[in-house]
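K.L.:
missing the sequence, but the structure's below:
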């Protein structure tokens with residue numbers, strides 16, 4: 001059993017800071033006492049031994065500096081003590097320390113241990129009160145963090161539950177709104193359809209009050225306007241918009257509402273109603289620089305459906321100033337061309353065509369030609385052919401050749417011949433594709449000459465175009481059997497194989 005020994009002399013009692021020696025012994029209390037007495041030094045005037053638990057405590061040696069005790073410390077190690085520590089204390093603690101407790105000494109300042117084999121140096125227990133204080137402090141910190149973690153988890157769970165509940169309620173509201181709108185639309189559709197065919201008297205629909213009712217009613221009117229092109233049906237539907245206050249409702253929102261999204265929704269609905277009395281409103285919007293760009297674009301859309309010929313220049317000027325995509329511009333111009341076709345005003349379309357040529361914005365002119373080809377307005381073919389030889393822009397030439405091919409019957413070979421000789425590969429490819437619409441003579445000249453083009457895509461599209469024309473297959477057979485150009489012969493054989501596979 002190890003014994004802890006403290007040794008000291010007997011100076012006057014005070015609280016003066018001094019140093020003492022802490023000793024360990026594994027012998028009995030009597031053996032330790034005898035050993036201390038036999039080997040005591042001259043300055044050791046008093047030795048006290050205390051039994052505290054399983055330890056023997058001896059207070060031995062006192063000095064004002066730790067260096068004075070180093071010699072005694074080494075001697076105690078030499079006579080058989082396993083461990084010795086020089087540590088700070090006070091003279092008062094040396095005399096008054098109760099033997100029922102471990103001394104409350106500060107941390108040691110010097111330690112000497114002999115190197116011995118298979119000897120375990122005993123650990124020194126900290127004072128009980130300090131140990132309990134450390135444990136209690138540690139427990140309080142652990143408890144705090146545990147409570148904090150529990151509160152955090154509960155907060156996160158509560159927040160998640162609230163979020164789920166809010167989202168669920170929102171989902172229920174949206175679904176309820178959708179169902180209500182669909183029910184209203186079905187009712188309005190039935191009533192308006194019957195009114196169109198004079199199967200129901202007027203005023204069969206209740207007065208509109210809620211925004212939901214206005215939205216559903218306007219949606220159905222727009223749907224029916226796209227379905228029925230007859231002027232009489234359109235007149236009935238426009239009267240319904242006026243009768244139930246839909247036009248006034250959305251005009252008020254578009255003019256006075258400060259919310260951009262609500263204004264845009266109102267202008268969009270007014271635009272799709274195709275009501276000609278909205279001219280002043282749309283004209284004021286497209287010329288308002290303070291209006292949002294999306295609202296101005298929506299006003300341009302509405303005006304494109306109801307544009308009068310005398311307003312063309314004003315409309316096109318606003319369109320050129322607006323940063324729009326090519327497809328949107330093409331859409332607006334298609335609406336305008338369709339409008340003038342309905343008005344049987346060919347001169348208005350030609351006027352727009354020439355006006356655009358004078359502008360520097362060739363993208364708008366290109367969009368106009370594409371819109372012409374989509375609508376299939378063939379009356380403008382002479383003007384397109386004239387523009388082809390006037391313009392220096394390959395993009396315009398490509399668009400013209402593509403439009404002529406889309407019309408389905410090209411009779412003038414000069415444009416195709418010129419395009420197939422162009423240095424621009426894209427123009428040659430488009431011309432090769434448009435060859436399938438050629439209805440004139442000299443087919444052999446146009447095809448055989450360019451089947452030897454350096455571009456594979458040009459050769460391929462010429463051979464495919466020939467396979468679709470009367471007499472084209474005969475030309476392919478001639479080139480395949482007796483052609484001298486390897487490129488042309490290869491393409492002719494390839495196209496003939498495709499024809500055979502299609503008929504197999």
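P.N.:
Perfect, thanks for sending it. Keep in mind the model is a prediction, meaning the values are calculated, not measured.

K.L.:
For the stretch 51-200 of the chain, which segments count as strands?
P.N.:
Assigned by DSSP state E, counting those that start in this stretch, the stretch 51-200 of the chain shows strands spanning 55-59, 83-90, 110-112.

K.L.:
same question, the chain
P.N.:
Per DSSP state E, the chain carries strands over the ranges 3-7, 17-25, 48-52, 55-59, 83-90, 110-112.

K.L.:
quick check: mean pLDDT across the lengthiest helix in the chain?
P.N.:
Of all segments of type helix in the chain, defined using DSSP state H, the longest is helix 128-196. What helix 128-196 shows for mean pLDDT is 84.

K.L.:
for it, packing partners?
P.N.:
On a contact count with 3 or more C-beta pairs under 8 Å, 6 or more residues apart in numbering; DSSP states H and E, helix 128-196 meets helix 211-227, helix 231-243. Backbone N, C-alpha and C define where each C-beta goes, glycine included.

K.L.:
Could you dump the ones you listed into a markdown table with mean neighbour count and mean pLDDT added?
P.N.:
Converted to a markdown table, these look like this (neighbours: other C-beta atoms under 10 Å; pLDDT from 0 to 100):
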| stretch | mean neighbour count | mean pLDDT |
| --- | --- | --- |
| helix 211-227 | 18 | 91 |
| helix 231-243 | 15 | 89 |
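
K.L.:
Looking at these, which is nearest to residue 393?
P.N.:
helix 211-227 (35.7 Å; C-beta to C-beta).

K.L.:
can you give me the angle that closest one makes with helix 231-243?
P.N.:
Computed by axes from the mean of the first three to the mean of the last three C-alpha atoms, to 10 degrees, the angle separating helix 211-227 from helix 231-243 equals 170 degrees.

K.L.:
Check the offset of helix 211-227 from the chain's centre.
P.N.:
33 Å (C-alpha atoms, centre = their mean, to the nearest Å).

K.L.:
and if you look at stretch 359-370?
P.N.:
34 Å.

K.L.:
Of the strands of the stretch 51-200 of the chain, which shows the lowest average pLDDT?
P.N.:
strand 110-112 (a mean of 37).

K.L.:
returning to that earlier point: of the helices and strands packed on helix 128-196, which is nearest residue 152?
P.N.:
Of all the helices and strands packed on helix 128-196, helix 211-227 comes closest under C-beta to C-beta, at 42.9 Å.

K.L.:
angle of the closest one against helix 128-196?
P.N.:
50 degrees.

K.L.:
Now do helix 211-227: which elements does it pack against?
P.N.:
helix 128-196, helix 231-243, helix 246-256, helix 260-272.

K.L.:
Distance to residue 216 added to those helices, as JSON lines?
P.N.:
As requested, those are exported to JSON lines (distance: least, C-beta to C-beta, whole Å):
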{"stretch": "helix 128-196", "distance to residue 216": "4"}
{"stretch": "helix 231-243", "distance to residue 216": "13"}
{"stretch": "helix 246-256", "distance to residue 216": "10"}
{"stretch": "helix 260-272", "distance to residue 216": "12"}
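
K.L.:
what's the most buried one of the ones you listed?
P.N.:
helix 260-272 (a mean of 20; mean count of other C-beta atoms under 10 Å).

K.L.:
so how far is that one from its chain's centroid?
P.N.:
27 Å.

K.L.:
and it, what does it pack onto?
P.N.:
helix 211-227, helix 246-256, helix 279-286, helix 293-306.

K.L.:
looking at those, which is closest to residue 348?
P.N.:
Closest among these, using C-beta to C-beta: helix 293-306, at 13.0 Å.

K.L.:
follow-up on the earlier one: kindly reformat the helices and strands packed on helix 260-272 as TSV containing distance to residue 397.
P.N.:
Shown next, in TSV, are these (distance: least, C-beta to C-beta, whole Å):
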stretch	distance to residue 397
helix 211-227	35
helix 246-256	42
helix 279-286	32
helix 293-306	27
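
K.L.:
Provide a list of residue ranges in the stretch 351-500 of the chain with pLDDT below threshold.
P.N.:
In the prediction, the stretch 351-500 of the chain carries residues with pLDDT under 70 at positions 442, 444-450, 484.

K.L.:
and if we set it to 50?
P.N.:
For the stretch 351-500 of the chain, no stretch is flagged by pLDDT under 50.

K.L.:
give the contact list for the nearest residue to residue 180 once chain neighbours are set aside.
P.N.:
Among residues not flanking residue 180 along the chain, residue 212 sits closest, at 6.2 Å (C-beta to C-beta, 6 or more residues apart in numbering). Applying C-beta atoms under 8 Å, 6 or more residues apart in numbering to residue 212 gives the contacts 177, 180, 181, 184.

K.L.:
hang on, isn't residue 181 packed against residue 214?
P.N.:
No. Applying C-beta atoms under 8 Å as the test, residue 181 and residue 214 come out as separate, 10.9 Å apart.

K.L.:
where does residue 335 land on pLDDT?
P.N.:
Reported pLDDT for residue 335: 92.

K.L.:
per-residue confidence at the residue nearest to it when sequence neighbours are not counted?
P.N.:
Nearest residue to residue 335, sequence neighbours excluded (C-beta to C-beta, 6+ apart): residue 304, at 3.7 Å. Looking at residue 304, its pLDDT stands at 93.

K.L.:
what does the one 4 residues further on give?
P.N.:
For residue 308, the model assigns a pLDDT of 91.

K.L.:
Could I get the phi/psi values of it?
P.N.:
phi -90, psi 150 (degrees, to the nearest 10).

K.L.:
Next one: it from residue 271, what distance?
P.N.:
16 Å (C-beta to C-beta, to the nearest Å).

K.L.:
Kindly report the same for residue 494.
P.N.:
Distance from residue 494 to residue 271, by C-beta to C-beta: 50 Å.

K.L.:
same question, residue 288
P.N.:
Counting by C-beta to C-beta, the gap from residue 288 to residue 271 is 15 Å.

K.L.:
And residue 338, by the same measure?
P.N.:
15 Å.

K.L.:
what do you get for residue 186?
P.N.:
25 Å.

K.L.:
burial measure for residue 321, as a count.
P.N.:
By other C-beta atoms under 10 Å, the residues close to residue 321 number 13.

K.L.:
before we move on, what about residue 362?
P.N.:
Neighbour number of residue 362 under other C-beta under 10 Å is 15.

K.L.:
residue contacts, it?
P.N.:
Counted by C-beta under 8 Å, 6+ apart, residue 362 has contacts 393, 395, 396.

K.L.:
Just the buried residues of these.
P.N.:
residue 396 (16 or more other C-beta atoms under 10 Å).

K.L.:
which one of the contacts of residue 362 is nearest residue 328?
P.N.:
For the contacts of residue 362, the nearest to residue 328 is residue 395 (18.1 Å; C-beta to C-beta).

K.L.:
hang on, the earlier thing: what separates the longest helix of the chain from the chain centre, distance-wise?
P.N.:
24 Å.

K.L.:
Run through who's touching stretch 287-294.
P.N.:
260, 263, 264, 285, 296, 299, 314, 318, 322, 323.

K.L.:
Write the ChimeraX selection for whichever of those are buried.
P.N.:
What follows is the ChimeraX syntax for the buried subset of the contacts of stretch 287-294, where burial is set by 16+ other C-beta under 10 Å:
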select :263,264,285,296,299,318
